[in-house]
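Engineer: here's a sequence, model it:
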Amino acid sequence: MKVILYPLCALLLAVFLSGCSASNQAGPGADGEVALHSNNSLLANRLAVEALQEKKVGDLLFVQATLENGWKFELDFQYKIKWFDKDGFEVAPESQPWRQLVMAGRSQSNVQAVAPNPSAVRYEIWVRE
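Structural biologist: Alright, predicted model coming up:
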């Protein structure tokens, strides 16, 4: 009985851990993982954040993300970077417009944004069609 139980427990643990690792968020998470927020799972699966850089420009946080279209066809979508303060409240939500981006198949593109004020310490990258 023990011989059958150990492989079964290992399999269940692997399935559980793989389910926990799926994420649809962007920005520097606690685990360092970078992905995208989207209400469109098909679009989110075709895009990836390949590189993420940030620096301070005066008192403001500046971020640059390299997005990659992993699909062989052109993607036409909008993106927005949302900013949050240290307590998790969104900073100046109306000041950040949605921006249009068209990416050729299997290409990369950089998107950039500057925080609206010095209280912004965290960000998320959102995409929509």
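Engineer: elements contacting the helix or strand encompassing Asn110?
Structural biologist: Using DSSP states H and E, Asn110 maps to strand 108-114. Packing partners of strand 108-114 (3 or more C-beta pairs under 8 Å, 6 or more residues apart in numbering; DSSP states H and E): strand 60-69, strand 75-84, strand 99-103. The way it works is simple: take the backbone N, C-alpha and C, and place the C-beta from them, glycine included.
Engineer: list the buried ones in the helix or strand following that strand?
Structural biologist: Downstream of strand 108-114, the first helix or strand assigned by DSSP H and E is strand 122-128. Residues of strand 122-128 classed as buried: Arg122, Tyr123, Glu124, Ile125, Trp126, Val127 (neighbour count, 16 or more other C-beta atoms under 10 Å).
Engineer: coming back round to it: what strands line up against the strand holding Asn110, and which way round?
Structural biologist: strand 60-69 (antiparallel) (DSSP bridges).
Engineer: quick one: buried residues of the partner strand?
Structural biologist: Here strand 60-69 shows Leu61, Val63, Ala65, Leu67, Glu68, Asn69 as buried, counting by 16+ other C-beta under 10 Å.
Engineer: got a list of what the last one touches?
Structural biologist: Contact analysis of Asn69 by C-beta atoms under 8 Å, 6 or more residues apart in numbering lists Arg46, Leu47, Leu75, Met103, Ala104, Gly105, Arg106, Ser107, Gln108, Ser109.
Engineer: from what I can see Lys72 touches Met103, true?
Structural biologist: No: assessed by C-beta atoms under 8 Å, Lys72 is found out of contact with Met103, at 11.7 Å.
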